[in-house]
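1. sequence? don't have it. structure:
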């Protein structure tokens, strides 16, 4: 189960950190191989998989050497956000970006670096109590669109979106969410809340999961 929880008086988190731990546990074993707020995310049917008509996609590029992510750019959404490394908190769950920094994206530093083989995991808030946050428009991305990650080696990795899903909490699959879709590729996974906000459960009803893969270097 995935449960995007909203802490009273705090910003809405971008994803369920307790469930993320399950995904990382699976990942560590084998998967790396394999309120309505003023600006609720436009995610549509939370049980749906967002798949527009098939778009011809470029071939995957050979994975790069390891380097730390510094910034993520999503041109179509106007996102140009700093990326910070995040670890695990005292309870063993991923420590998300600080609540007071809704424009910051968190990268799980215990996993894959963007551009290296495997699935690099990035998470972000969808909104605050007063305005949209960094990943507010994530569910509107489409197959074939571009995501760029600026790395500390000076390279800009360009990823192409190949799948956008809105997954209901009771259908959340940690293996699919956090694991590589195709062995040997350098992949990127962006995750935030989706569906609708449930004031009784104090959380969103779904997750938006964007999958992309390395297709080259931005010029």
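-> Yep, it's here. Only a predicted model underlies this, so the values are computations on that prediction, with no experimental measurement involved. Residues are numbered from 1 along each chain as shown.

2. What residues of stretch 190-205 count as buried?
-> For stretch 190-205, the neighbour count (16 or more other CB atoms under 10 Å) marks 190-198, 203-205 as buried. All C-beta spots, glycine's among them, are computed from the backbone N, C-alpha and C.

3. And the residues you listed, which is the shakiest by pLDDT?
-> pLDDT across these is at its lowest for residue 203, which sits at 80.

4. Tell me the bridge partners for that one.
-> Under DSSP bridges, the beta-bridge partners of residue 203 are residue 5, residue 198.

5. quick one: it and residue 197 touch, right?
-> Yes. Residue 203 is within contact range of residue 197, at 7.5 Å (criterion: CB atoms under 8 Å).

6. Name the nearest residue to the residue sitting nearest the centre point of the chain, sequence neighbours excluded.
-> The residue lying closest to the centre of the chain (CA atoms, centre = their mean) is residue 190, at 1.7 Å. Nearest residue to residue 190 in three dimensions, chain neighbours excluded: residue 210, at 4.2 Å (CB to CB, 6 or more residues apart in numbering).

7. Secondary structure of the one you found: a helix, I assume?
-> No. Residue 210: not assigned to a helix; according to DSSP: H, G, I helix; E, B strand; the rest coil it is strand.

8. Bridged to it, which residues?
-> Applying DSSP bridges, one finds that residue 210 bridges with residue 164, residue 190.

9. show me what contacts it?
-> Residues counted as contacts of residue 210 (CB atoms under 8 Å, 6 or more residues apart in numbering) are 138, 141, 147, 161, 163-165, 188-191.

10. and the closest residue to residue 58 other than its chain neighbours, how many residues sit next to it?
-> Excluding its sequence neighbours, the residue lying closest to residue 58 (CB to CB, 6+ apart) is residue 215, at 4.6 Å. When neighbours are counted by other CB atoms under 10 Å, residue 215 registers 19.
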